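[1] Give the three-dimensional model of this entry:
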Amino acid sequence: MSKERTDKAVPRQSEGVRAFKRGLDVLREVNRSGGIRAGDVARALDLPRPTVYRLLETLEELGYIARSASDDRFRVTRRALSLGDGYDPGVVICQAAAPYLAELSKTLVWPVDLSTYENAAMVVQETTHARSPLSIDRGMIGKRLPMLRTSAGRAYLAACPAHERELILNHLRRIDEADDRPFLDEARLDRMIAETQARGYAIRSEGEFNPKTASIAVPIVRNDAVFGCISIIWIRSALGIEEAIASFVDPIRSAAAAIDVGA
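    Numbers count the residues shown, from 1 in each chain. Sure, this is the predicted structure:
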């Protein structure tokens, strides 16, 4: 009788181990990808979609992953910090900023981005482009934005410590992109940094990077560290820079100040 109970226990244990392994596989795939949709997880792991949805829901309930409101991608959270090198601090600020970006999108209508610095560029981590009826861009998450020709890059450069700024600029000089060369002129660069620091926000309004749009960006700064930038983008022909400044700067500044970056 005892043997029968042992034999019956084995299948239950095996099923539990299999389910646990699947959960770890799903978490590992989310961690590895940096951001992935449920269907892509199912394809990558060759698992039934209902199984993957159930595992993702469980991991989200436990706080190990979170789903982006803008693109339905799952990303690891702060709680998963100890699980592997795939953890990205950008995910933390992405989660913290998402509700503020959503509110800005409702009140300002034009699309809003959150970007963080990564290897000589600003990378869009969260965006409302997909929800804004005025957006002319899609698929912005993960897009790399040049430092010298976008408001986000300029805001970051102006707000970061001087030694960090010099490291970034030296990196850009070594990369030596043709489009960046005019903006690396010492006098022009010093003027841009000084003006941006004096204003507390950066602007792109002369057709650089994208001739159809203009933008304003505000840095998210805590204890002299820049965690990212919030940018709003609009069509140049629809709105002048002075009107945009009057309408957008204060709400974006308020959002940047309110975001909890855990610092």
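
[2] Where does the prediction get shaky in the protein?
    1-13, 78, 80-92, 136, 138-139, 262-263 (pLDDT under 70).

[3] Give me the residue at the spatial middle of it.
    The centroid of the chain falls nearest to residue 125 when counting by C-alpha atoms, centre = their mean (1.2 Å).

[4] Which is the succeeding secondary structure element to the helix or strand containing it?
    Take DSSP states H and E as the rule and residue 125 turns out to sit in strand 121-127. Sequence-wise, the next helix or strand downstream of strand 121-127 (DSSP H and E) is strand 144-146.

[5] Parallel or antiparallel, which strands does that following strand pair with?
    strand 121-127 (antiparallel) (DSSP bridges).

[6] In PDB, could you pull the C-alpha coordinates for the strand holding residue 125?
    In PDB, the C-alpha atoms belonging to strand 121-127 read as follows (Å, rounded to 0.1, in the frame of the first residue of the first chain):
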ATOM      1  CA  ALA A 121      22.600  57.300 -27.800                       C
ATOM      2  CA  MET A 122      19.300  57.800 -26.000                       C
ATOM      3  CA  VAL A 123      17.100  54.700 -26.200                       C
ATOM      4  CA  VAL A 124      13.300  55.000 -26.100                       C
ATOM      5  CA  GLN A 125      12.100  52.800 -23.200                       C
ATOM      6  CA  GLU A 126       8.400  53.800 -23.100                       C
ATOM      7  CA  THR A 127       6.200  55.800 -25.400                       C
END
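
[7] And for that strand, what's in contact with it?
    With contacts defined as C-beta atoms under 8 Å, 6 or more residues apart in numbering, strand 121-127 is touched by 68, 70-71, 90-91, 93-94, 97-98, 101, 111-117, 140-147, 150, 152-153, 156, 228-229. For the C-beta atoms, the positions are set from N, CA and C on the backbone; glycine is no exception.

[8] one more time with 7 Å, if that's ok
    The contact list for strand 121-127, computed with C-beta atoms under 7 Å, 6 or more residues apart in numbering, reads 68, 70, 90, 94, 97-98, 101, 111, 113-116, 140-147, 150, 152-153, 156, 229.

[9] Buried ones among these?
    68, 70, 90, 94, 97-98, 101, 111, 113-116, 140-141, 145-147, 150, 152-153, 156, 229 (16 or more other C-beta atoms under 10 Å).

[10] start to end distance for stretch 112-121?
    Taking C-alpha to C-alpha, to the nearest Å, stretch 112-121 runs 18 Å from one end to the other.

[11] ok, which stretches of the protein are helices?
    2-33, 38-45, 49-61, 89-108, 151-159, 162-175, 186-199, 241-258 (DSSP state H).

[12] how about those, which one is nearest residue 134?
    Comparing those by their distance to residue 134 (C-beta to C-beta), the top pick is helix 89-108, with 9.6 Å.

[13] That closest one to strand 121-127, inter-axis angle?
    Using axes from the mean of the first three to the mean of the last three C-alpha atoms, to 10 degrees, the inter-axis angle of helix 89-108 relative to strand 121-127 is 60 degrees.

[14] Output the contacting helices and strands for helix 89-108.
    strand 112-117, strand 121-127, strand 225-235, helix 241-258 (3 or more C-beta pairs under 7 Å, 6 or more residues apart in numbering; DSSP states H and E).

[15] The closest residue to the residue nearest to the centre of the chain other than its chain neighbours and residue 221: what is the separation?
    Here the nearest residue to residue 125 in space, its sequence neighbours aside, is residue 94; by C-beta to C-beta, 6 or more residues apart in numbering that works out to 4.4 Å. Going from residue 94 to residue 221 by C-beta to C-beta, to the nearest Å gives 17 Å.

[16] swap in residue 129?
    The gap separating residue 129 from residue 221 is 24 Å, by C-beta to C-beta.

[17] do the same with residue 114
    Counting by C-beta to C-beta, the gap from residue 114 to residue 221 is 14 Å.
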